[in-house]
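In: Whatever this is, show me its structure:
(2 chains)
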Number of protein chains: 2
Amino acid sequence: MSRTTIHDIAKELNTSPSTVSKALNNHPSISAATKELIKTTAVNLNYRQNRLASSLRSGRTNIIGIMIPSSDIGFFGGVVHGIEKIARSNGYNILLFQSNETGEYEVEGIETLLQTSVDGIIASIAKDTPNLDHFFDVKKRKVPLVLFDRVKDELNSPSVVVDDYKGAFMATEHLIQQGYMNIAHISGPQHIKIFNDRLCGYVDALKMNNLPVNDDLIQYGRNSIESGKFSAERLLGRSKDMDAIFAVEDFTALGALQYLKQAGVKMPEKMGMIGFGNESFSPYVTPSLSTIDQQPARMGEEAFTLFLEAMAKKANGSQNGEVEVAEEEPKKIVLDPVLIVRESSIRTPQG
Amino acid sequence: MSRTTIHDIAKELNTSPSTVSKALNNHPSISAATKELIKTTAVNLNYRQNRLASSLRSGRTNIIGIMIPSSDIGFFGGVVHGIEKIARSNGYNILLFQSNETGEYEVEGIETLLQTSVDGIIASIAKDTPNLDHFFDVKKRKVPLVLFDRVKDELNSPSVVVDDYKGAFMATEHLIQQGYMNIAHISGPQHIKIFNDRLCGYVDALKMNNLPVNDDLIQYGRNSIESGKFSAERLLGRSKDMDAIFAVEDFTALGALQYLKQAGVKMPEKMGMIGFGNESFSPYVTPSLSTIDQQPARMGEEAFTLFLEAMAKKANGSQNGEVEVAEEEPKKIVLDPVLIVRESSIRTPQG
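Out: Residues are numbered from 1 along each chain as shown, chains lettered A, B, ... in the order given. The predicted structure is shown next:
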């Protein structure tokens, strides 16, 4: 396979290979018109940069590492697609690592990504991470770090999240508006902020609508189908009045839905249900599951944009001779959740 | 963070750092007993190898690149989990790249993985790959390449697949045994071998059971929910006798199931349905979807084992002074498919 080289482009335009190289790498000494001409010629000649060589010159690999808790959760897949789309159009490739929700894998993964010299890391933190040393390590090495969804303020990194409190408030208020009165909540691990936020949104929606908050109607689960089944069973055993459940995420909702169906509870007539996360299976279960969408694609795009900003800041920093500037407050983007109403929460009028 | 070094281990055991290093890297000059002692001490002192330094010494990174068509397909997620599990216990980390079923992404992905100096690549080929140059490039560079599920014989690489023909045969014969007589098949893109194999399995199961093969009952789709809906509509329009569908994969089956439900067709009484792939949503749709399981975790484990064998062969090759040996037939592992019977294909006795 004989590939077009910068020498071919130089010959074609009767200029020097170094001018071609500078133009392709956006060197400031080359005029915009010349850059345009050289880039057009490169495209016409079907030129592809030898990226390894180019990365040795620039000190960049144009690869971003993405750390997600699990690709089994459709939401993370959606975020990755969002990043991919905008990353590619900016000349970046992405490598994925999944922590499988364990701190051990996460530590290994961060090490692996650093070892492959990624230009930066976009991460969502595993449920069971015992500490954040590995993320502090990323920051120490001045590798740009952007967090999404499962974030930790201590890391002082730019981040993008959805407003979990608001989403939970919307979900609960939707059930109230449908006429449900005794709304239970199956929550998740409380040391993770987003799950605590969702609990608070549920509680405040009840209060704002003058409904009592009943401890018997709050069950702490572990974000899985099994946990959803178990939690629904416990709730049903504790309260005969319960007429709706807001589940902390869709897998939990699915488990609860399965248990209640088997127990012969009519949904949505006798029991309303809403989840959180808009998982890929949610439209296809019976009844189809109402939920809160977290705009994963947009979250991915915003995360990548924050990464580009961090890269630009880093480049400026090194041009200024690495003068240590007082760290400014990192940018935090908060996306609006979107209520998705399906069959499981629309109460048919009772006769 | 002051880390334990090989000097600390050497001091503790009153030996030299070079002995410690050799022992930790399984050098043949060190006795088994000494290795055991040094490794135990390393563990006790909480030693972690500096992997970058170790990789510079060995010329290995202990990272494998995995290329999958899409992490949205649960089957690939299952294979990745299978690889991860066994890879970790062998001291390897994995980096994922998803091609999103396009050749363009796949080419970029292979380049990215090679750029990060992975020790080998385990890949399943994208639906829309126009050619295999990028995979031949991997082989030219003597980077071990193992294929799974979507394989190409031309690449002459070790591979692991499920017996797709047999799985399709089993699925069709199961429908026949349930009393369905006019069984349709929604197939996939025929340039991909596994989908053609499934079509052949369907046809042969009909023939072996003395049922006619009716072209009107074969629809070529594109492996998606939308395509499943459209295909079911077309089939229903063409044949009033159709009483069952075997779909080439579960997303197609899901689309067909949704369309038929909306059209008021009673399932499984009036119409049986079976898919292929045992996707994560399949147990939770109504009626729950019968399907063929492809043993993804085992496929991942076998693929990694083939990778280890390729690494060992490569190491032997370089010890023998790179003598070019006539390339032997690559190992091809074929796993048995497993029939999963759920509600969608169990015909209730008719009165």
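
In: show me where chain A has helices.
Out: Secondary structure of chain A (DSSP state H): helices at A:6-13, A:17-24, A:32-44, A:51-58, A:74-89, A:103-115, A:133-140, A:164-177, A:193-208, A:225-238, A:250-262, A:296-319.

In: could you dump these to a markdown table with distance to chain B?
Out: Bear in mind the C-beta positions are built from the backbone N, C-alpha and C, glycine included. Below are these laid out as a markdown table (distance: least, CB to the nearest CB, whole Å):
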| stretch | distance to chain B |
| --- | --- |
| helix A:6-13 | 18 |
| helix A:17-24 | 17 |
| helix A:32-44 | 15 |
| helix A:51-58 | 5 |
| helix A:74-89 | 5 |
| helix A:103-115 | 4 |
| helix A:133-140 | 7 |
| helix A:164-177 | 20 |
| helix A:193-208 | 22 |
| helix A:225-238 | 8 |
| helix A:250-262 | 6 |
| helix A:296-319 | 12 |
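
In: If you count neighbours, what's buried in stretch A:300-308?
Out: A:300-308 (16 or more other CB atoms under 10 Å in any protein chain shown).

In: domain assignment for chain A?
Out: A:6-49, A:58-157+A:296-334, A:164-294+A:338-345 (automatic domain parsing).

In: before we move on, back to that, which of the buried residues of stretch A:300-308 sit farthest apart?
Out: A:300 and A:308 (13.0 Å; CB to CB).

In: Low-confidence stretches in the stretch 51-200 of chain A?
Out: A:51-58 (pLDDT under 70).

In: centre of the chain versus stretch A:14-25, how much separation?
Out: Distance of stretch A:14-25 from the chain centroid (CA atoms, centre = their mean, to the nearest Å) equals 39 Å.

In: May I see the buried residues of it?
Out: For stretch A:14-25, using 16+ other CB under 10 Å, the buried residues are A:15, A:19-24.

In: pLDDT for these - can I get that in JSON lines?
Out: Below are the buried residues of stretch A:14-25 laid out as JSON lines (pLDDT from 0 to 100):
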{"residue": "A:15", "pLDDT": "90"}
{"residue": "A:19", "pLDDT": "87"}
{"residue": "A:20", "pLDDT": "84"}
{"residue": "A:21", "pLDDT": "80"}
{"residue": "A:22", "pLDDT": "80"}
{"residue": "A:23", "pLDDT": "82"}
{"residue": "A:24", "pLDDT": "76"}
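
In: Just give me the closest of those to residue A:315.
Out: residue A:22 (17.0 Å).

In: nearest spatial neighbour of the closest one, skipping sequence neighbours?
Out: Leaving aside its sequence neighbours, residue A:22 sits nearest to residue A:30 (CB to CB, 6 or more residues apart in numbering or on different chains; 5.1 Å).

In: Now do residue A:193: how many residues are near it, please.
Out: 16 (other CB atoms under 10 Å in any protein chain shown).

In: show me the contacts for it.
Out: Contacts for residue A:193 (CB atoms under 8 Å, 6 or more residues apart in numbering or on different chains) come out as A:151-152, A:164.

In: same check, this time on residue A:12
Out: Residues in contact with residue A:12 (CB under 8 Å, 6+ apart) are A:41, A:45.

In: same check, this time on residue A:197
Out: Counted by CB under 8 Å, 6+ apart, residue A:197 has contacts A:164-165, A:168.

In: so can I have JSON lines of the domains of chain A showing distance to residue B:107?
Out: Listed next are those as JSON lines, based on distance: least, CB to CB, whole Å:
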{"stretch": "domain A:6-49", "distance to residue B:107": "9"}
{"stretch": "domain A:58-157+A:296-334", "distance to residue B:107": "11"}
{"stretch": "domain A:164-294+A:338-345", "distance to residue B:107": "27"}
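
In: of these, which approaches residue B:125 most closely?
Out: domain A:58-157+A:296-334 (18.2 Å).

In: Okay, now the unreliable bits of the stretch 251-351 of chain A?
Out: Confidence mapping of the stretch 251-351 of chain A against pLDDT under 70 gives the ranges A:318-327, A:348-351.

In: circling back to that earlier point, would you mind measuring from the residue nearest to residue A:22 to residue A:11?
Out: 18 Å (CB to CB, to the nearest Å).

In: now do residue A:118
Out: 35 Å.

In: out of these two, which sits in the busier spot?
Out: Ranked by neighbour count (other CB under 10 Å), residue A:118 and residue A:11 place residue A:118 first, with 26 against 12.

In: List the beta-bridge partners for the nearest residue to the more buried one once chain neighbours are set aside.
Out: Nearest residue to residue A:118 in three dimensions, chain neighbours excluded: residue A:65, at 3.9 Å (CB to CB, 6+ apart). Counting by DSSP bridges, residue A:65 is bridged to residue A:95, residue A:121.

In: Surely residue A:65 touches residue A:121?
Out: Yes: between residue A:65 and residue A:121 there is a contact under CB atoms under 8 Å: 4.7 Å.

In: Spit out the residues that contact these two alike.
Out: With CB under 8 Å, 6+ apart, residue A:65 and residue A:121 have common neighbours residue A:113.

In: need the buried residues of stretch A:14-25 in CSV with distance to residue B:174, can you?
Out: As requested, those are exported to CSV (distance: CB to CB, whole Å):
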residue, distance to residue B:174
A:15, 69
A:19, 68
A:20, 63
A:21, 63
A:22, 66
A:23, 63
A:24, 59
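
In: Closest one of those residues to residue A:207?
Out: residue A:24 (60.5 Å).

In: who's in contact with the closest one?
Out: A:6, A:38-39, A:42, A:49.

In: List just the nearest of those to residue B:251.
Out: residue A:49 (37.1 Å).

In: so what's the closest one scoring on pLDDT?
Out: In this model, residue A:49 is scored at 60, pLDDT.

In: next one: residue A:4
Out: So, for residue A:4, pLDDT stands at 72.

In: my guess is it meets residue A:43, correct?
Out: No: counting by CB under 8 Å, residue A:4 does not reach residue A:43; the two are 10.3 Å apart.
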